[in-house]
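> Generate coordinates for the sequence data below:
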Amino acid sequence: MPTHRFRESLLQKSTKKSIRRKGHAVTIGEVAKRAGVSPMTVSRVVNGTGNVRESTRERVKRVVSELDYTPNLAASALATAQGTRIALIYSNPSTAYLSELLVGAMRGVTRSAAQLVIEAWNERDPDAERAAARALARSVSGVILPPPLCESDVVVAELVRAGVPVVAIASGRPRTGVSSVRIDDFHASREMAAYLIGKGHTRIGYIKGDPNQTASQLRYEGFLAALHDAGIKPDRALVQQGRFTYRSGLRTGEKLLAQRKPPTAIIASNDDMAAAVISVAHRRGLDVPGDLSVVGFDDTSAATTVWPELTTIRQPIAAMADSAIDILLRAIRGREEAKVMVDHMVAHVLVKRGSVAAPE
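From the prediction side, this is the model:
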């Protein structure tokens, strides 16, 4: 029997049954128990979604008919959500960044009653990542990939091949086969550099992020665009390669401030590295922002746990993770519009705090 006719039959039964039934309403659990399947399977059969063996589908339909079961749409939705497992896989060294991700993801799954699975994939080679992705695809309904794993061709390809919906968070550019939630890294960085230039800074140091992440390159390109707009020639001596870690911020900060003619301002590609630069400046007896202006990127908790508090670009990481949950749930529940990959661009904000002043 086609799905639409099956639903129509159920509706007709429910109309008749509502007239004569005064007591107990049959639940999805009772149908599942009688049919020897899970409530999730009953939900899939009733709603005509998901992969269910034809023999199982017919058995469930027969029990539904025998028990005169009327689907409770609210309960059905809840049962579906409770059987939905979404994985958040991280390999990010920034505790502040990770905490923001978790807050947003937990908010999303709490609202939907889905289950959140959290795994750490640290220092794995491509073969290990491939094996882990293959195993994960068999146990979850969808996956959130924050940086740097959102840049892994191996992981993304394995999950897409398995038909698991994926949302990449904070990747610089959208990828084929996966949805994404991100900010405009190029324009955000350009805006930050223009702000420093507007304060009178022309000798600006720059600490790049991880070279394997597309967002890092876009932020650097935005910095160069701002210099070009202001007619300032880039100085390679003022550019250092960081890794988005506090330790790399210490190393690169030392190199920039040890120069014979150090910069009057430093842009770090994330808050962890910017916080490290402030530490280096203090160790050298420099006043921030009197002697040196320092800015970061992301507006994680690290931005407000240093003194002075960081001027930074607010990337709403928690809200982005929350949005990623919604995108995944639409894809998992099989809505037609969810079959199209989503590239959700979120607005950034330049947050001005006490770490910037005009050069003396």
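
> and stretch 197-216, which residues are buried?
By neighbour count on 16 or more other C-beta atoms under 10 Å, the buried set for stretch 197-216 is 197, 201-202, 204-210, 213-216. (Each C-beta comes from the backbone N, C-alpha and C, glycine too.)

> May I have the helix or strand hosting Lys61 exported as PDB, CA atoms only?
Assigned by DSSP states H and E, Lys61 falls within helix 54-67. Extracted in PDB, the C-alpha atoms of helix 54-67 (Å, rounded to 0.1, in the frame of the first residue of the first chain):
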ATOM      1  CA  GLU A  54       9.700  -4.500   3.400                       C
ATOM      2  CA  SER A  55       8.800  -7.400   5.600                       C
ATOM      3  CA  THR A  56       9.200  -5.300   8.700                       C
ATOM      4  CA  ARG A  57       7.200  -2.500   7.200                       C
ATOM      5  CA  GLU A  58       4.300  -4.800   6.400                       C
ATOM      6  CA  ARG A  59       4.400  -6.300   9.900                       C
ATOM      7  CA  VAL A  60       4.300  -2.900  11.500                       C
ATOM      8  CA  LYS A  61       1.400  -1.800   9.200                       C
ATOM      9  CA  ARG A  62      -0.500  -5.000  10.200                       C
ATOM     10  CA  VAL A  63      -0.100  -4.300  13.900                       C
ATOM     11  CA  VAL A  64      -1.100  -0.600  13.400                       C
ATOM     12  CA  SER A  65      -4.200  -1.800  11.700                       C
ATOM     13  CA  GLU A  66      -5.000  -4.400  14.400                       C
ATOM     14  CA  LEU A  67      -4.500  -2.000  17.300                       C
END
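
> Ala157 belongs to a strand?
No - using DSSP: H, G, I helix; E, B strand; the rest coil, the secondary structure at Ala157 is helix, not a strand.

> before we move on, the earlier item: looking at the buried residues of stretch 197-216, which is nearest Thr264?
His201 (5.2 Å; C-beta to C-beta).

> From Val103, how far off is that closest one?
34 Å (C-beta to C-beta, to the nearest Å).

> How about His282?
With C-beta to C-beta as the criterion, His282 and Val103 are 30 Å apart.

> if we can go back for a sec, so which bits of the helix holding Lys61 are buried?
Thr56, Arg57, Arg59, Val60, Lys61, Val63, Val64.

> One more: stretch 256-270?
Buried residues in stretch 256-270 (16+ other C-beta under 10 Å): Leu256, Leu257, Pro262, Pro263, Thr264, Ala265, Ile266, Ile267, Ala268, Ser269, Asn270.

> check contacts around Pro316.
Counting by C-beta atoms under 8 Å, 6 or more residues apart in numbering, Pro316 touches Ile183, Val346, Ala347, His348.

> mind checking pLDDT for it?
pLDDT recorded at Pro316 is 94.

> what do you get for Gly163?
89.

> Over to the one 4 residues further on?
For Val167, the pLDDT comes out at 95.

> On the three-state scheme, it is what?
strand.

> list the contacts for it?
Gly142, Val143, Ile144, Leu145, Val178, Ser179, Ser180, Val181, Ala324, Ile327, Leu328, Val342.

> What of Tyr206?
Tyr220, Phe223, Leu238, Val239, Gln240, Ile266, Ile267, Ser269.

> Let me know whether my guess that it is in a strand holds.
Yes - per three-state DSSP, Tyr206 lies within a strand segment.

> Model confidence at it, what's the number?
So Tyr206 comes in at 98 (pLDDT).

> can you check Thr304 too?
Value listed for Thr304 in the pLDDT field: 95.

> Can you verify my assumption that it contacts Arg314?
No - the criterion here is C-beta atoms under 8 Å, and Thr304 misses it with Arg314 at 11.4 Å.

> partner residues bridging the nearest residue to Val342 once chain neighbours are set aside?
Distances taken as C-beta to C-beta, 6 or more residues apart in numbering place Ser179 nearest to Val342, at 4.1 Å, with adjacent residues excluded. Here Ser179 sits in beta bridges with Val167, going by DSSP bridges.

> number of nearby residues for Ser179?
24 (other C-beta atoms under 10 Å).

> what do you get for Ile325?
So Ile325, with other C-beta under 10 Å, has 27 neighbours.

> Going forward, the N-terminal residue is numbered 53.
Taking 53 as the first residue, the last one we looked at is Ile377.

> Let me know whether it touches Val155 as I believe.
No - look at Ile377 against Val155 with C-beta under 8 Å: they stay out of range, at 11.9 Å.

> What ranges does the chain have for its strands?
Using DSSP state E, the strands of the chain run over residues 137-142, 167-172, 194-197, 218-221, 231-234, 256-260, 291-293, 317-320, 345-347, 364-366, 395-397, 401-403.

> How far off centre is the first one?
Looking back up the chat, that one is strand 137-142. Distance of strand 137-142 from its chain centroid, counting by C-alpha atoms, centre = their mean, to the nearest Å, is 10 Å.

> now it and strand 167-172, what's the angle there?
20 degrees (axes from the mean of the first three to the mean of the last three C-alpha atoms, to 10 degrees).

> Contacts for strand 137-142, please.
Against strand 137-142 from outside (C-beta under 8 Å, 6+ apart): 150, 153-154, 157, 161, 166-173, 188, 191-198, 201, 207, 373, 377, 380-381.

> where's Ile319 relative to Gly294, distance?
Taking C-beta to C-beta, one finds Ile319 at 11 Å from Gly294.
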